[in-house]
Structure formats: C-alpha cells, structure tokens
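1. One predicted model, sequence on top.
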Amino acid sequence: MMKRRQEPKTQRISNRRSPNRSRGGDAIIYLMLAATAVLMVYPLVFALAASLKPLDELFRFPPRLLPVNPTFDNFADLVVTMGQSWVPFGRYLSNTVLITVVGTAGHLLVASMAAFVLAKYDFPLSKTFFRLVVVALMFSGYVTGIPNYLVLTRLGLVDTAWSVILPAFAAPIGLFLMKQFMEGIPMALLESAKVDGASEMRIFLQIVMPNVKPAWMTLIIFSVQGLWNARAQTVIYSEAKKTLTYALQQIQLGGIARVGQAAAVTVIMMLVPITIFIFSQTQILETMASSGIKE
Amino acid sequence: MSTMGKYLALKRRNLETARYKARQMWVCYLFLLPFATLFITFYILPMVTSIRYSFTYYNILEAPRYIGLANYINLILQDDIFLISVKNTFIIAVITGPVGYILSFLFAWFINELPRWLRSLAVVIFYAPSIAGNAYFIFSIIFRGDVYGYLNSFLVRVGIINAPILWLTDPRYMMPVVVLVLLWMSMGTGFLAFVAGLKGVDQAQYEAGYVDGVRNRWQELYYITLPNMRPMLLFGAVMSITAAFSVADQTMALCGFPSTDYAAHTVVTHLFDYGYTRFDMGYASAIATLLFLTMILTNNLIQRLLRRVGT
C-alpha cells in the first residue's frame, strides 16, 4: 500500500494494457470473431472460386470449394457473350463509367457546398433543411421510384444518363456525412481568412475543402457504390444507353448454362467497391467518427 | 447635436451589420441552392407527389382520378397478399433490424480491441458483404434446390437428409434463408460508424472508470462506451431501420418474383408489383406512404429509446 503511494503520479493505474479485460474473455471473443469472419468471407471466396472453375468442376458432385484447375475461361466466355450482344460491351462499360464519374464528381461538389454553409453558418431554415435531409436518409429507391419517374418525364430527362446522375448529386447520405465532418473545422480558421478578405467561395475552395479530404473519400465510395451498381432499367430504356450492371445482370439471369459466367459477373461487380474501400479505409473511418446524430 | 450624431452613427452601424448579415445569408443560400434544388426535385417532391397520388386511381395513361381513401381501405381490408407482405416485412425487420444492429455494434466493439493491422483486415471482411454489389446472388448457388447445391450436397453426404431440399422454392425454408442472407449483409454503414466512433472514445475515461470501480468489460461497455457512442448509435439506427424495411432486391434475386405462395413477398416487392408490373400508381403510392410512415414512427420510437441508453 505504502509503496504504491510513493510511485510517481504519471504511473499508469494498472500495469496491464487494458485493465478491465480477462484473458479468458479475450480468448472467447477472439475465437468468436475469427469464426464469424470465416462465415462472412466464405460466400465471397466461394464466388471468386466459382468464377475460376472450368465447366466440369462447376457441376461436380460432391462440389469442392476451391477449383482444381483454375481457369479464366468464364471471364473469356463473358467477353464472348457480351461480344454477341446487340450493343458492344464497351458501350455499357462507358455508360456506367460516365454515370459513376460525373455523378460522383458532381455529388462531391454540390453536397460539400451545401454541407459547408449548413455546418458553419446559422441562417433561417438551415436547421429545418438539415432535419429534412436526415429524414430523407430513410427514402429507399423503390419508394420514391414511381413519382421520381414522373418528375424525370416532366423534365424530359427520361432515357438519358442525367436521369441517374442528377438525383445522385443530391444523395442525402453524402450531405449528412460531409456536414457532420465539417463541423469539426475550427470557426477561427474561417474567421481569420475572412479578416484577410477572402470571399466565401475562396474560403470554401482553399480552406474548407483541403481540410476535409478524408470526407471526400467517404463521399466518393458511397457514391461510386451506388452508381456502379445502378441498374436504372426503369429510367433508361434505349439499349445503347443501358448500364453495365444491367447488362451483366441479364447474363446472370441466363440460368444454369451460364453459372460460370454469372459468377464471373459477380466477381467483377464486387471487386470495384471492395478495392476502393480497402485503399480508403483510413479516411473513411476518420469521416465516420463524426457521423453521429447529435441531440 | 452630438446625441443626434451618435444616434445616426449607431443607426448606420446597425444598418451595415444588417446588410452584412443579409449578404452573408445570401451567400449561404447561394451555396445551398444547387443541392437544395436537386434535393427538393428528386427526393422531397417525389415523396409529396407519392402521398398525393395515394388518394387517386392513376394508371399513367389516364389522368389521376381522386378516390379518397379507397386505396388504403382496399390495402388493409381486401388485399390478402399485402397482409402477407406486411407479415414478412415485419419478421425480416424485427429479426434483421435489431439483431443486425446489435451484432454490428458488438463486432465493431470486439474489432476495436484488435491490433491495428488485424483491425483493418477485420473491418474489410465484415463490411465487404454489404458493398459487394449483388454478391448475395452467390447464395442462390449455395442454396440451390438440386443435389449440386453446396448445402444440399453437404447434408446428403453427411447423411442428415436423403433428398435435396428446395431451399429457395419451399415456403418453409425461404424466410430463414432470406433472413440469413440479410444478416450476412447487415454490417453496413452503421457498422463503419461504430468502428470509427469506438476508436474516438477517450482512453482517459476508461482509466477513470477503472479507478471508480468499473471491474469488467460489460460494465465498461454500459457505463462508458455506450454513453459516448450515443450519436453513432442514433445514426446506425436510422441506417438499420431503412435497410430492414426496404428489403426487396435480395428476396427477388433469391426466391424469385413472385415467390412461391408469396412466402418471401415483402412490402417493397408488393409495391414493385403494383407500380412496375400492373401500373396501378395510386395503389403503389399508398403502399409507399404506409411504408414510409411506419419507418418514421419506428425511427422516432428507437431514437427515444436510444437516448436513454447509459443514463
């Protein structure tokens, strides 16, 4: 007892790294975590494995998880199938890339501008507007799908890429995350720039935006994820304007003869968002740390 | 005279401040304008229109005809399939919503204590299913009804069953399979928010808690972690409710549309049926409105509950 009191005040309270953890509890939790991780990753590995299997292995009994003679035949077949389609494969790809790139870039700019003023200035209706955005987080695509179509018809946007791009600009989740993140920027920084005579636009472009780079990545991944997977079959009906996802899903629906190609499609579609996430995890987590809904 | 001068100077300053404030506000609105315009056009307007159409008979070809509450009355009193879809949606929402939400939090909490590199890996593994496009499609091979399906072939070989089970076409098994797949995909945006939020909890609070007599991880969770995480928990709840109530893609991809005996029919599939196949927009809008109201009410209830956590 006496000895403890003589220790300097900076001494850690407990010499264990985490004082409230029992070894046994840790072991059980780690085991559970590992088991769940295997279950979580199994279907994805399975999809990858299936896409690399030659035809005879796909219908082998009993089925094996990993291919014996891995091959890229399914991907090659996919290219052949797409080559026979009415519209060249490259067209679908370029449609999707266009929608994804333009939609994401616009979303980043439009949502950040709105987030900036909502986070940093107080003006009439700003609180109400933000509350509306939080409610809109709950709108799912199908619910607003029908009236959305009618609105797009009025605007003459049906059957153009804009019918997917423009709504994506105003996706509520992006504004929400960006605004919460921007609240962390000290007001003093903005005010000092203001005193130096910078306009709001300059403050936004040269001070705010460089300071929220982690949030960019987050908005980008959420937007890319939505747009890359956009089928848009209800608003775009000209074959030449359809998206890659739509075209690929038609192959997926091709039934038993196309199981291999369907797996290849699944792999292509999942690789893009997962890869982006792997490379941007740090930034995304930094943004999500401020994502909470404050009371 | 000097009083007058002072008064004028004050007035002028007030005017200048007002003008400055007005300019400031003007700039604010200008910044908000692009987003607000698009947001109102593509999110608020459709929602309002949808509520309006729910009181009409509207088939796209003819002008909408006002029919009062007839859509709602039919929906609740006459449409047996709607009631099935409500039941299914509730089963899905009640299981995948809270369970998915709690699992997201628990796993985020466990992952948070892993060493750095392992944590990054774990986050990717747990988050990947929810962003993997339509990777849930792969479950239609795992649960395929013939003996080549992975689960069937495994069960047959082990000797538990001697004939393949039609997992995705037999009403007895469809819902459990769907719920399983949805749970697999439930570590979404909320999970990420939890991981990030947990990383941000001040370590000093845990040490202070230790001094004040917190003795195990569960006490620590309840008294320190959860109160700190309240904003993330609220955000996670919104995301979780939205996901749980708007399930449709997965059931359509796995069990087909329509599914056997409507056993995997959800409210959104029902909406899809009337809106996109039968073009009865008024009816579909009524479904959308009811769904949306349910979501808002649930959300309010959950938010109220969550505000009490740890207090």
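-> Looks like it arrived, so ask away. Numbers count the residues shown, from 1 in each chain, chains lettered A, B, ... in the order given.
2. so where do the strands sit in the stretch 51-200 of chain B?
-> B:56-57, B:65-66 (DSSP state E, counting those that start in this stretch).
3. same deal with the stretch 201-311 of chain B?
-> In the stretch 201-311 of chain B, no segments count as strands under DSSP E, counting those that start in this stretch.
4. excluding its backbone neighbours, what's nearest the residue of it found nearest chain A?
-> In the stretch 201-311 of chain B, the residue that lies nearest chain A is residue B:231 (2.2 Å; CB to the nearest CB). (Each C-beta comes from the backbone N, C-alpha and C, glycine too.) Once flanking residues are discounted, residue B:231 sits nearest to residue A:292: 2.2 Å by CB to CB, 6 or more residues apart in numbering or on different chains.
5. Domain-wise, how is the chain divided?
-> As the question left the chain open, I've gone with chain A. For chain A, automatic domain parsing gives the domain ranges A:20-71, A:79-288.
6. actually chain B
-> According to automatic domain parsing, the ranges for chain B are B:2-53, B:77-306.
7. and residue A:272, how many neighbours?
-> 18 (other CB atoms under 10 Å in any protein chain shown).
8. wait, I meant residue A:206
-> Per other CB under 10 Å, the neighbour tally for residue A:206 reads 12.
9. dump the residue contacts of the closest residue to chain B within chain A.
-> Closest residue of chain A to chain B, CB to the nearest CB: residue A:292 (2.2 Å). By CB atoms under 8 Å, 6 or more residues apart in numbering or on different chains, the contact list for residue A:292 reads A:180, B:193, B:197, B:229, B:230, B:231, B:232, B:233, B:234, B:235.
10. Considering those, which possesses the most neighbours?
-> Busiest of the contacts of residue A:292 [other CB under 10 Å] is residue B:193, holding 31 neighbours.
11. pretty sure it is touching residue B:232, no?
-> Yes - if you go by CB atoms under 8 Å, residue B:193 and residue B:232 touch, sitting 4.6 Å apart.
12. Now the common contact residues for the two.
-> By CB under 8 Å, 6+ apart, the residues touching both residue B:193 and residue B:232 are A:291, A:292.
13. Low-confidence bits of the stretch 1-150 of chain A, can you list those?
-> A:1-19, A:61 (pLDDT under 70).
14. those helices in it, which residues are they?
-> A:2-6, A:23-51, A:55-58, A:73-84, A:89-120, A:126-136, A:141-154 (DSSP state H, counting those that start in this stretch).
15. The strands of the stretch 51-200 of chain B into a markdown table, with extra columns for mean pLDDT and mean neighbour count?
-> Formatted as a markdown table, those follow (pLDDT from 0 to 100; neighbours: other CB atoms under 10 Å in any protein chain shown):
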| stretch | mean pLDDT | mean neighbour count |
| --- | --- | --- |
| strand B:56-57 | 92 | 18 |
| strand B:65-66 | 90 | 11 |
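16. I'd like to know which of those is closest to chain A.
-> strand B:56-57 (12.1 Å).
17. Residues touching the closest one, excluding its own?
-> By CB under 8 Å, 6+ apart, the list of residues contacting strand B:56-57 from outside reads B:64, B:65, B:66, B:67, B:70, B:71, B:280, B:282.
18. Now intersect the residues you listed with the helices, please.
-> Counting by DSSP state H, the part of those found in helices is B:70, B:71, B:282.
19. ok, of those, which come out buried?
-> B:71, B:282 (16 or more other CB atoms under 10 Å in any protein chain shown).
20. and which of the ones in helices among the contacts of strand B:56-57 is nearest to residue A:259?
-> residue B:282 (41.0 Å; CB to CB).
21. which ones are touching that closest one?
-> By CB under 8 Å, 6+ apart, residue B:282 lies in contact with B:53, B:54, B:55, B:56, B:57, B:58, B:64, B:67, B:71.
22. Quick check: it vs residue B:290, distance?
-> Counting by CB to CB, to the nearest Å, the separation of residue B:282 from residue B:290 is 13 Å.
23. same check, this time on residue A:51
-> 41 Å.
24. just residue B:51 next, same as before
-> 10 Å.
25. Spatially nearest residue to residue B:127 (excluding sequence neighbours)?
-> Nearest to residue B:127 is residue B:187, by CB to CB, 6+ apart, at 5.7 Å.
26. Which residues does stretch B:44-53 contact?
-> Taking CB under 8 Å, 6+ apart as the rule, stretch B:44-53 contacts A:132, A:136, A:139, A:143-144, A:146-148, A:150-151, B:64, B:281-282, B:285, B:288-289, B:292.
27. Report the buried residues of it.
-> In stretch B:44-53, counting by 16+ other CB under 10 Å, buried: B:44, B:45, B:46, B:47, B:49, B:50, B:51, B:52, B:53.
28. How far away from the center of its chain is that stretch?
-> 20 Å (CA atoms, centre = their mean, to the nearest Å).
29. tell me the contacts of the residue nearest to the spatial centre of chain B?
-> By CA atoms, centre = their mean, chain B has its centre lying nearest to residue B:242, at 2.1 Å. By CB under 8 Å, 6+ apart, residue B:242 lies in contact with A:137, A:138, A:140, B:295.
30. As TSV, the helices of the stretch 1-150 of chain A with distance to chain B and mean neighbour count would be great.
-> Output for the helices of the stretch 1-150 of chain A, formatted as TSV (distance: least, CB to the nearest CB, whole Å; neighbours: other CB atoms under 10 Å in any protein chain shown):
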stretch	distance to chain B	mean neighbour count
helix A:2-6	13	6
helix A:23-51	4	16
helix A:55-58	9	15
helix A:73-84	13	16
helix A:89-120	4	21
helix A:126-136	5	17
helix A:141-154	4	21
